[in-house]
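Engineer: sequence and computational prediction follow.
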Amino acid sequence: MNIDKTIRKQKRSYKIFMLSICLIFFILPAYLILTSKFYTFYITYLILLEVLIFLAVIIKINNSLLNFTYDGYKLKINMGIKSGRLNIICDKIVLVHVEEYTQRNTEQDGFRIILLSTSKFRSDRMIPIHRGFLKKHAYIAHEYNKLKVLRPEDKFYYTIIKRGELSKYPFLDTVYKSCVYAWFTQATIEKIKCYRQNSENYIIRSKK
């Protein structure tokens, strides 16, 4: 599997979906106007369909959106609709971990990326580590306790990146190259290896 090609196909499918759903969104009321069937049943049914279409668009955007840039100092990330923008100072990242999970209402497996930092850098998405978070993520709790022993004066923050589908692979690779002071867990290293073994960028370089 070439991950880069799959990501491009995923983006094309996303654009086709958005175009198709937007056309349906505008065609339905236009059809009602042209046929002049302004009955209560049709109007109610149309409103219901339009609301469902709008929700489908929101959910699709929220699950698929993950854009990021690296300026040599920090990573600027846009993810989902609710999550918004996140700025990460790369030198402040101390731990990167990957957790596998099964997506709700589907049989598809996915993974989330957990980043620990010593700075929140004016970002609401960098959350102070608390007991509830540590209870849900046992491995992170183990690594966090070791960090607190080594750096007892530091305050640690976390963020979780779940959106983006396959785009999380190149993002994780960028984090690996830019966050030079971070500790990458074995699960994270395996994901990076998987990407590099199946990325056309690395395959082409290895053949030269």
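Structural biologist: Right, received. Where do you want to start?
Engineer: how far away is the residue with the largest distance to the centre of the chain from Ile43?
Structural biologist: Distance from the centre of the chain peaks at Ser36, with 44.1 Å (C-alpha atoms, centre = their mean). As judged by C-beta to C-beta, to the nearest Å, Ser36 and Ile43 stand 12 Å apart. From N, CA and C alone the C-beta is placed, and that goes for glycine too.
Engineer: centre-most residue in the protein?
Structural biologist: The chain has Arg163 as the residue nearest its centroid, 2.4 Å off, counting by C-alpha atoms, centre = their mean.
Engineer: how about the secondary structure of it?
Structural biologist: When classified by DSSP: H, G, I helix; E, B strand; the rest coil, Arg163 comes out as coil.
Engineer: check it and give its pLDDT.
Structural biologist: Here the pLDDT value assigned to Arg163 is 82.
Engineer: how about the contacts made by it?
Structural biologist: For Arg163, the contacting residues are 62-66, 79-80, 83, by C-beta atoms under 8 Å, 6 or more residues apart in numbering.
Engineer: where neighbours are concerned, which of these has the most?
Structural biologist: Counting neighbours by other C-beta atoms under 10 Å, Met79 leads the contacts of Arg163 with 24 neighbours.
Engineer: what helices or strands is the longest helix along the chain leaning on?
Structural biologist: Secondary structure of the chain per DSSP state H: the longest helix is helix 3-35. When contacts are defined as 3 or more C-beta pairs under 8 Å, 6 or more residues apart in numbering; DSSP states H and E, helix 3-35 packs onto helix 40-64, helix 168-178, helix 200-207.
Engineer: from the chain's centre, how far out does the second one sit?
Structural biologist: Same thing as helix 168-178. On the basis of C-alpha atoms, centre = their mean, to the nearest Å, the separation between the geometric centre of helix 168-178 and that of its chain is 12 Å.
Engineer: swap in the first one?
Structural biologist: Here helix 40-64 shows a centroid-to-chain-centroid distance of 24 Å under the convention C-alpha atoms, centre = their mean.
Engineer: the helix or strand following that helix pairs with which strands, parallel or anti?
Structural biologist: Following helix 40-64 in sequence order, the next helix or strand is strand 66-70 (DSSP states H and E). Strand 66-70 pairs in its sheet with strand 74-79 (antiparallel), by DSSP bridges.
Engineer: show me what the following helix or strand past the partner strand is packed up against.
Structural biologist: For strand 74-79, the following helix or strand on the C-terminal side (DSSP H and E) is strand 84-89. Judged by 3+ C-beta pairs under 8 Å, 6+ apart, the packing partners of strand 84-89 are strand 74-79, strand 109-117.
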